[in-house]
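Novice: When you get a sec, could you give me coordinates for this:
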Amino acid sequence: MPDIFTDRLKGLIIATLKLEGVRPEDIPDDEALIGTPRFGLDSIDALELVLAIEKEFGVKIGSSEESRLALGSVNTLAAYLRSHPPGEGASQGKPVGGKAGGTAAVKPGPSPSGDSG
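Specialist: Got it, this is the predicted structure:
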C-alpha cells in the first residue's frame, strides 16, 4: 500500500534535484539516496535537498552527520521527519505526538512565529 508521505517526499526529491524522467515510483523506499550510481546524487544535491526539506516541512536538520543519516533513504527520511516536529531543532529529538496517518502534521504552511505586518 502506497504511503502518501513517502510519495510526497519522492516528489520533493524529484522536483528539487530536477531528476528528469524519474517518477516517484522509480525511487525505491529503502535505496540509498546519496552516493549511488542510480541517481548520481552528491553532497551539493544533499545540501539542496536538506534546504528544500527544511523549507517544505519546517524541520531543521542539524549537522552534516545528521543530514547524512536522515538522507539514508526515503524511509529513513520519512522516519526522521515524523520524529521531529516542525519548528524544533533536530538535536531536540522530541517525537511527534502519535497521530498515525495524519498528513496534516507535515503540511506546509506559514511560519509558527506568525506574520505580523
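Novice: what residue ranges in this protein score low on pLDDT?
Specialist: Within the chain, the stretches with pLDDT under 70 are 1-2, 88-117.
Novice: what about 50?
Specialist: By pLDDT under 50, the weakly predicted segments of the chain are 90-117.
Novice: Now stretch 38-54: buried residues?
Specialist: By neighbour count with 16 or more other CB atoms under 10 Å, stretch 38-54 contains the buried residues 39, 41, 45-46, 49-50, 53. Heads up, the C-betas are built off the backbone N, CA and C, glycines and all.
Novice: Just give me how far it sits from the chain centre.
Specialist: Relative to the chain's own centre, stretch 38-54 is displaced by 10 Å; criterion: CA atoms, centre = their mean, to the nearest Å.
Novice: neighbouring contacts of that stretch?
Specialist: Stretch 38-54 is contacted from outside by 12-13, 15-17, 19, 22, 27, 31, 33-35, 59-61, 67-68, 70-71, 77, 81, using CB atoms under 8 Å, 6 or more residues apart in numbering.
Novice: what do you get if the cut-off is 6 Å, keeping everything else the same?
Specialist: Outside stretch 38-54, the residues that touch it by CB atoms under 6 Å, 6 or more residues apart in numbering are 16-17, 33-34, 60-61, 67, 71.
Novice: same check, this time on stretch 21-31
Specialist: With CB under 6 Å, 6+ apart as the test, stretch 21-31 has contacts from 6-7, 10-11, 14, 73-75.
Novice: how does it look with 8 Å?
Specialist: The set of residues external to stretch 21-31 that reach it, using CB under 8 Å, 6+ apart, is 3, 6-7, 10-11, 13-14, 38-39, 73-75.
Novice: What subset of the residues you listed is buried?
Specialist: Among the contacts of stretch 21-31, the ones that count as buried by 16+ other CB under 10 Å are 6, 10, 13-14, 39, 73-74.
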